[in-house]
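A.B. asks: after the sequence you'll find the predicted model.
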Amino acid sequence: MANQRNVSEFVFMGLSSDQNMQMFCFVFFLFGYVALLVGNLLILVAIRCSPLFHQPMYYFLSHLSSMDVCYTSCVTPKLISDLLLGKKTISYGNCMLQVFTMHFFGIIEVFVLTVMAFDRCVAICKPLLYMIIMNRTRCNLLILAAWAGGAAHAFSQFSMIVSLPFCGPNEIDHYYCDIFPLLKVACTDTYITGVLVVANSGMVALVTFVLLFGSYVTILFTLRNHSAEGRRKALSTCGSHITVVVLFFGPSIFAYLRPPTTFPEDKIFSLFYTIIAPMFNPLVYTLRNTEMKKAIRKVCCQKIFSEEKHN
């Protein structure tokens, strides 16, 4: 029974059936996706073309920007085309691929955010040992661990979903292939699978959030002994990180750390961790970071100067 299926495609119910709302969503998400691509590309180029790349914080930020692009690209282009064309179908194979890639890149992003918090904690609490603790070998190992963790998580989630039979209803009350809506249309009892999904995704989100919260409590406790200027600079750097964490983790914890069922609000909360939070990352990390603004200006000025020289 587990390998039986005759559903060749799924139909998304989407965000709204109202035509005006669909057009508004199309314009908003198209603008947001283009801004995300341009913003993250600027961050990547600015970091790679400056000495910032040799600093652990910006090395991790370049990986976060890469993950933002990969993670959001699993969902947003399909959502934008569905809103424009009105065709909200996805093949079974592409649906399963979307489940895998969403969890793969999503968990890597979660782990990179956690590594960035650890990096800030070491920088503020152990400034004299910072470059020894956060050497390039250790940074590479942390990123490798994030990718390994993402792969392990994604394969476990994917294997649970791909083994389910889909032989009847194929209408999903969502705008992408998320696990709980898929469990709802499977032709078998999915209670155990749902519990395993919560145990996996929910606990990963909760444990990493607790680690992040603990690292920032440690940072705030340590900052009491710093000068006013030191506190201001540290809080400015950490403030941008906390903003990203709250936008990403709040909705994702609600989505996965709960009984395995679906709610009408799921689609709204999903927008935060699939599109809105990654869309704001470039703004948060550049507008509140003097070094990043300088690096981006330098790259842009070099580009303009080279074009003028060429002309």
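C.D. replies: Right, received. Where do you want to start? Here the structure is a predicted model, which is why all the values come from computation and not from measurement. Numbers count the residues shown, from 1 in each chain.
A.B. asks: going forward, measure contacts and count neighbours with C-alpha atoms only.
C.D. replies: Fine.
A.B. asks: show the subsequent helix or strand relative to the longest helix along the chain.
C.D. replies: When the chain is parsed with DSSP state H, its longest helix is helix 92-125. Downstream of helix 92-125, the first helix or strand assigned by DSSP states H and E is helix 130-133.
A.B. asks: now that next one: buried residues?
C.D. replies: Neighbour-count burial for helix 130-133 flags 130, 133 (criterion: 16 or more other Cα atoms under 10 Å).
A.B. asks: show me what that helix is packed against.
C.D. replies: helix 92-125 (3 or more Cα pairs under 8 Å, 6 or more residues apart in numbering; DSSP states H and E).
A.B. asks: elements contacting the helix it packs on?
C.D. replies: Using 3+ Cα pairs under 8 Å, 6+ apart: helix 92-125 touches strand 9-12, helix 56-73, helix 130-133, helix 136-162, helix 203-222, helix 228-256.
A.B. asks: so for it, what gets flagged as buried?
C.D. replies: 92, 95-96, 98-125.
A.B. asks: do stretch 158-166 as well
C.D. replies: Buried residues in stretch 158-166 (16+ other Cα under 10 Å): 158, 160, 161, 162, 164, 165, 166.
A.B. asks: ok, which of the helices and strands packed on helix 92-125 comes nearest residue 296?
C.D. replies: Closest of the helices and strands packed on helix 92-125 to residue 296 is helix 56-73, at 12.8 Å (criterion: Cα to Cα).
A.B. asks: from the chain's centre, how far out does that closest one sit?
C.D. replies: 9 Å (Cα atoms, centre = their mean, to the nearest Å).
A.B. asks: CA atoms only for it - export them in PDB, please.
C.D. replies: Only the C-alpha atoms of helix 56-73 are listed here, as PDB (Å, rounded to 0.1, in the frame of the first residue of the first chain):
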ATOM      1  CA  PRO A  56      34.300  35.000  10.200                       C
ATOM      2  CA  MET A  57      31.100  37.100  10.600                       C
ATOM      3  CA  TYR A  58      31.100  38.100   7.000                       C
ATOM      4  CA  TYR A  59      32.200  34.700   5.800                       C
ATOM      5  CA  PHE A  60      29.000  33.300   7.500                       C
ATOM      6  CA  LEU A  61      26.900  36.100   6.200                       C
ATOM      7  CA  SER A  62      28.000  35.200   2.600                       C
ATOM      8  CA  HIS A  63      26.700  31.700   3.200                       C
ATOM      9  CA  LEU A  64      23.500  33.000   4.700                       C
ATOM     10  CA  SER A  65      22.900  35.100   1.600                       C
ATOM     11  CA  SER A  66      23.500  32.100  -0.600                       C
ATOM     12  CA  MET A  67      21.000  30.000   1.400                       C
ATOM     13  CA  ASP A  68      18.500  32.900   1.200                       C
ATOM     14  CA  VAL A  69      18.500  32.800  -2.600                       C
ATOM     15  CA  CYS A  70      18.400  28.900  -2.800                       C
ATOM     16  CA  TYR A  71      15.700  28.500  -0.100                       C
ATOM     17  CA  THR A  72      13.400  31.200  -1.400                       C
ATOM     18  CA  SER A  73      13.900  30.100  -5.000                       C
END
